[in-house]
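Q: Take a look and give me a structure for this.
(2 chains)
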Protein chains: 2
Amino acid sequence: MQLRIPGPTPCPPEVLEAMGKQMIDHRSQSFSQLMERLTGRLEQFFFTKHDVYLLTASGTGSMEAAIVNTLSPGDKVMALSCGYFGNRFAAIAQAYGAEVKKLDFPWGEAVDPGVVRQALKTEPGIKAVLVVHNETSTGVTNPLKEICRVVKEADKLLLVDAVSSLGALELRADEWGIDVAITASQKAWMTPPGLAMISFSPRAWQAYETAKMPRFYWDLGHAKKFAQKWQTPWTPAVSICYAMDKALELMAAEGIEAVWARHAKVAERARQGVKALGLTIFPKEAVASNTVTAINAPPGLDPKQLRRILREERGIVLAGGQGNLEEKVFRIGHLGWVTEKDIAEVLRGLEVTLPEAGFVHV
Amino acid sequence: MQLRIPGPTPCPPEVLEAMGKQMIDHRSQSFSQLMERLTGRLEQFFFTKHDVYLLTASGTGSMEAAIVNTLSPGDKVMALSCGYFGNRFAAIAQAYGAEVKKLDFPWGEAVDPGVVRQALKTEPGIKAVLVVHNETSTGVTNPLKEICRVVKEADKLLLVDAVSSLGALELRADEWGIDVAITASQKAWMTPPGLAMISFSPRAWQAYETAKMPRFYWDLGHAKKFAQKWQTPWTPAVSICYAMDKALELMAAEGIEAVWARHAKVAERARQGVKALGLTIFPKEAVASNTVTAINAPPGLDPKQLRRILREERGIVLAGGQGNLEEKVFRIGHLGWVTEKDIAEVLRGLEVTLPEAGFVHV
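A: Got it, this is the predicted structure:
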C-alpha cells in the first residue's frame, strides 16, 4: 500500500514496532526520561531554546491551544488565509470571541507579505497574527520567514500553524520570531496521530498572563508546571510517545537539513512527473509545497473515480480536495517517511490509471 | 512488571500487537468500518441507543467536552465532589464561566443521594448536575444509580465522569437517565491512552442547541456531522482505534456482566488481602471501589519509599495519593486487564516489602 495523503503518513517499521511496548506509569522516572528526550529533540527541530509541549490531541487541538493561551475575547487578531486551514485557524479564534480581521488570498496563491505589511499599518489595534505555514488544502507553502519579518516589524504576537510543515520544511522559531508554532505527530514526524506539539516563546508567556479565553485541557500553565518533572498534566498518549521517540531518533540520524532537502527533492520529482503526464499543478508553482502537491482534475476526469481505481486496483491512496476544491483537485502527500522511489510508484500508477479514469494526454 | 495503577492500565499482548498495523486514510471506507464497529460496541458497553463519539484526547478533555457542549457561561450547575476528580470537574465548569454550586462530601465517603435531593430542592435554577461515578483519588464508587434517580426527579441535565468506571462497573446510560457519560481508553478498556469516549443523549442535544460556551475541537456538532460517514472531524488516533477494536472484541467475548463480576471479585481479593497484612482501607468499605483500592499509609511507613522498593526490587508499580492525600495513601489499580492472580502477586510483594519500608504488622 502506498499511503500518499498529507497525513496520517506511513510509519517506518521501527516506529510501529516501538508501539508494541507495554504501558508504563506516566508519573514514573521512565516516562520522565522519555519526555525529556522527546522535548529536547523537538526543541532542536523547532529551532527554539524556549518551551515545547506535547498535547494528547490532533493538530486542530493545538491550533485551539495556541489561541486560548494567548488571547482574550474581544482581542483583535489578523488571520491570514489562503485555504481551508487558514479559514479554520480564523474560525477557532472567532469561536472563542476574538475579533477576527481576515486577510484572504486566492486559493492556490501564497500570503503576500507586502499586503500583510500594508494591512497591519491600516488596521489599528491588532494584537496577534495567525498564519498557516503550509496550506495543506491547496498545496501552497507561505513565505513564512518574510511574513515573520513583517509581523515582527509591526511588533505583533505571531501564531503559526505549522501542522504540515514542521519537520519537513525549514522553520526556525526563535530566529524568525515565532511566538507559538504548532504541529502534529501524523505529519512530517512519521508517527501515528494522537500527539500535537506546541512551542511557546517568552512573549507568548507574557500574553498568557493576561489572556482571558477560557481554558483547562489546553492550559499551558498546567503543562509548564508538570514539565518541571518532565510530566504532562493529563495522561499522555504513551504509545504515541514511544513511536515518536523512535521517529525522532531516525530524523536526528538523517539530520534536519537532510530531511528538508529530501522533501524538496521528492516534491520536485512529484511536480515534474505530474506535469509530464499532462496534468497541471493547482497552485502557482513558485509557491508549491514540498509536502503536498495539489493537482487540477482535468476536464472529463472524475477525481473520485481516479482515486478509487488507484486505491482498489493499484494500492495507491491519494487525497481528494477539501472545502470548495472537493471536486476540483486531488493531492499527493509527500511528507514524513517518503522517498523518490515512492513517488515514482505513484507516477507509474497514475500513468496507467489516468486513461481508465477518462483522461488522455494529448 | 505488574503495572497496578488506575491507568494507564496494562494491555493484553493482542491489543499491543494490533497497534503494529500501518496507518490508513482516516477518510477511507476501511476506517469507516473500524469506526462503525467501535461505536457499535461502545454503545453496548455504555448501555445506550443514543450517540457515542470518540475524541482524540485524555479523559480530562472529554470532561471539558461534556461541559462546553451543554452549558453557557452563567449557567448554574451543581458539582458533587468527594475527591480530586470531583474537584476537577467543578474547576472545568468554573473555567468556562459556569456558576458552580459545589456540594462537597468528605474524602473517603460517597456522595449521599439524600443530601443531593435536599440541595436540589433548596437551590433554585440549577441547570445541570456534575458527578464522578468512581472517584479514583479516594477509591470510592458513588451510588450512581440512586444519584441519577434524584437528579432525574429534579429534572436536571446529568453529566457523569465515568472515566475509571465505565467498562468495569455497572453503568446503564439510557435506563438511568445519564445525559452525558465520559470515559477514556487507558482505564477499563485495556487500551493505551489517547482516546476518550463520550455519550450524548437527546436531552444533551437539546441543551447543545442553546449552549454558548466557546468550543471548536470539542464541538460535538462537528462529530455528529462526520459520524454520518463514520468519520471524525479531526484526524483520529488511528493506532489507538486499532488497539481498542481488539480490546472491545476481548471484552465482548468475555461479556460485560462477566467483566463487572471479575472486577468485583478481584477488588474483594485486594481489600481482604490488604487487611490481612494489617493495613486499613482509606474509604468507608461499603463504598470502596472495585477498580482502585486506596490504602492508608500506617504511622511509620513512608508510602513513597514503599512504592520505590516495590517498583525497583519487585517490579510492582502502585500509585501514590493525589491532592491532599499525596503523603497519606497509596493505591492499587485493578481495572481492565487484571485477574486475581495479579492481585495475589501484589499482595505477596507487599508482604515482603512492608517491613522493609518500616511497617511491622503486630
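
Q: Give the bridge partners for A:Val100, please.
A: With DSSP bridges as the criterion, A:Val100 is bridged to A:Val77.

Q: Am I right that it is in contact with A:Ala90?
A: Yes - counting by C-beta atoms under 8 Å, A:Ala90 is a contact partner of A:Val100 at 5.1 Å. Heads up, the C-betas are built off the backbone N, CA and C, glycines and all.

Q: Mutual contacts of those two, please.
A: Common neighbours of A:Val100 and A:Ala90, using C-beta atoms under 8 Å, 6 or more residues apart in numbering or on different chains, are A:Ala79.

Q: From the chain's centroid, how far away is stretch A:126-143?
A: Here the centre of stretch A:126-143 is set off from its chain's centre by 10 Å, with C-alpha atoms, centre = their mean, to the nearest Å.

Q: Pull up the distance across it, start to finish.
A: In stretch A:126-143, first residue to last residue: 21 Å (C-alpha to C-alpha, to the nearest Å).

Q: Could you list the buried residues of the strand or helix carrying A:Arg308?
A: Under the criterion of DSSP states H and E, A:Arg308 resides in helix A:303-314. Neighbour-count burial for helix A:303-314 flags A:303, A:306-307, A:309-311, A:314 (criterion: 16 or more other C-beta atoms under 10 Å in any protein chain shown).

Q: Which one of the residues you listed is nearest to B:Ala184?
A: A:Arg311 (33.0 Å; C-beta to C-beta).

Q: Can you verify my assumption that that closest one contacts A:Val317?
A: Yes - counting by C-beta under 8 Å, A:Arg311 touches A:Val317, with 5.3 Å between them.

Q: what residues are shared contacts of these two?
A: Common neighbours of A:Arg311 and A:Val317 (C-beta under 8 Å, 6+ apart) are B:Ser28.

Q: And what about the residue nearest to A:Gly336 when sequence neighbours are not counted, helix, strand or coil?
A: Leaving out its chain neighbours, the residue that sits closest to A:Gly336 by C-beta to C-beta, 6 or more residues apart in numbering or on different chains is A:Thr9, at 3.7 Å. Classification of A:Thr9 using DSSP: H, G, I helix; E, B strand; the rest coil returns coil.

Q: coming back round to it: the helix holding A:Arg308 packs against which elements?
A: strand A:316-318, strand A:329-333, helix A:340-356 (3 or more C-beta pairs under 8 Å, 6 or more residues apart in numbering or on different chains; DSSP states H and E).

Q: got the CA coordinates for the last one in CSV?
A: The C-alpha atoms that make up helix A:340-356 are tabulated as CSV, following Å, rounded to 0.1, in the frame of the first residue of the first chain:
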residue,chain,number,x,y,z
GLU,A,340,11.7,9.4,-4.7
LYS,A,341,11.0,5.7,-5.2
ASP,A,342,7.6,6.1,-3.6
ILE,A,343,6.8,9.0,-5.9
ALA,A,344,8.0,7.0,-8.9
GLU,A,345,5.5,4.3,-7.9
VAL,A,346,2.7,6.8,-7.6
LEU,A,347,3.5,8.3,-11.0
ARG,A,348,3.6,4.9,-12.7
GLY,A,349,0.2,4.2,-11.1
LEU,A,350,-1.2,7.5,-12.3
GLU,A,351,0.1,6.9,-15.8
VAL,A,352,-1.8,3.6,-16.1
THR,A,353,-4.9,4.8,-14.3
LEU,A,354,-5.5,8.3,-15.9
PRO,A,355,-6.8,6.9,-19.2
GLU,A,356,-9.0,4.5,-17.3
